[in-house]
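In: kindly generate the corresponding structure for this input.
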Amino acid sequence: MKLFKDFKAFNEYIGLPKPLDNDIDIGYYDAPNMLMKSEPVGIDFYRISFKINFVDKTKSNAKPVTAVFFNSPEMSGGWDIEPTYKGMYVQLSKKIIEENRFLFKNYLDYGLHEPLLLTDSEIVEVSTLFDLMIKYYNREKQNFVVLLSYVNVLISLVETFYKRQFSTNPKQYNRIVTDFQQSLKDYYNQPATKIPNVQYFADKLGLTPNYFGDIIKHFTQKSAIENIHEFVIKKAKELLEKNTEMNSAEVAYELGFEYPNYFSKFFKKQVNLTPKEYRLQATKN
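Out: Down below sits the predicted model:
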């Protein structure tokens, strides 16, 4: 698989103009003059693509969509698309992300299969903002403070649009929450060798961890890791109450903790009692 480490090489590959800067690249798509089919490739930077009337030929009976797509380092993908779409793109180097992390959100690491579908009014807002971004980007003496501010506004808009998408299509996302909760139960229906983490459940559901985590947070008002920890504590309480022949170390191993001391600290932090204190209190009650 080919890896593109800079904007210039990637733009040449797909048929986009040469970037004006090594840290930010902004432009409009010219689909008829671009590469419409490619084997999987990787990029060592971040891309946000706004595509209007986009048709993915790799999907059967695909219909045109207007959506935001994300590419990031560590992800790869190929494509086979119709040359009928238009839109805009922003490319950001890892350096500018690291130096301005407070400006950027989790969804920069969403997968290619987790797009944001835009309404007509939202694409108008984004197009207006892009016109301003291009204005500052094309100046000879680029004002990156202003440009970064517009990028921040763009990022904030996309975050707002994602919340709208989560709220207007609850059936689809509630299924993800339900599947997550069932997977938690299933995890402890078999011997646990370690404490489950967010990556494990995201992989089970075929989602990126950030996308999965944002859905869980939106619908449960708690992060995915908070949900996991709550469930582990619930299981710990059940074992401490019902399996009185098990000591704290055995409960820890049953739950997948490698070290009993870590389990005791974890339990004390969550419950404000040590496992032994909780068991004594539960026995009295």
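In: residue 70 contacts residue 91, correct?
Out: No. Look at residue 70 against residue 91 with CB atoms under 8 Å: they stay out of range, at 11.5 Å. In this view, the C-beta of every residue, glycine as well, is placed from N, C-alpha and C.
In: pull up the overlap in contacts between these two.
Out: With contacts taken as CB atoms under 8 Å, 6 or more residues apart in numbering, residue 70 and residue 91 have 46-47 as neighbours in common.
In: residue 230: which element?
Out: helix 224-242 (DSSP states H and E).
In: in the helix or strand harbouring residue 280, what's buried?
Out: Counting by DSSP H and E, the element that carries residue 280 is helix 275-284. Of the residues in helix 275-284, 275, 278-279 count as buried by neighbour count, 16 or more other CB atoms under 10 Å.
In: repeat for stretch 166-185
Out: By 16+ other CB under 10 Å, the buried positions in stretch 166-185 come out as 166, 173, 176-177, 180, 184.
In: narrow the residues you listed to those in helices?
Out: Taking DSSP state H, the ones among these that sit in helices are 166, 173, 176-177, 180, 184.
In: of the residues you listed, which pair is most distant in space?
Out: 166 and 184 (20.6 Å; CB to CB).
In: for the chain, longest strand please?
Out: Scanning the chain for the strand with the most residues, using DSSP state E, yields strand 46-54.
In: quick check: neighbours of the next helix or strand after it in the sheet, parallel or antiparallel?
Out: Going down the chain from strand 46-54, the next helix or strand is strand 65-71, by DSSP H and E. Take DSSP bridges as the rule and strand 65-71 pairs in its sheet with strand 46-54 (antiparallel), strand 116-117 (antiparallel).
In: most tightly surrounded among those?
Out: Among the strands paired with strand 65-71, strand 46-54 has the highest mean neighbour count (mean count of other CB atoms under 10 Å), at a mean of 20.
In: what's in contact with that one?
Out: 29, 64-73, 81-82, 84-94, 97, 108, 118, 123, 126, 130, 154, 158.
In: one step back: CSV for the buried residues of helix 275-284, including distance to residue 256?
Out: Below are the buried residues of helix 275-284 laid out as CSV (distance: CB to CB, whole Å):
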residue, distance to residue 256
275, 15
278, 19
279, 19
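In: can I get these in a markdown table with pLDDT?
Out: Shown next, in a markdown table, are the buried residues of helix 275-284 (pLDDT from 0 to 100):
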| residue | pLDDT |
| --- | --- |
| 275 | 95 |
| 278 | 94 |
| 279 | 93 |
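In: ok so, going back, and the angle from the helix holding residue 230 to helix 275-284?
Out: 60 degrees (axes from the mean of the first three to the mean of the last three CA atoms, to 10 degrees).
In: let's number from 395 now, not from 1
Out: Sure, I'll start counting at 395 from here, so that last one is helix 618-636.
In: low-confidence ranges in this protein?
Out: 497-501, 506, 534-536 (pLDDT under 70).
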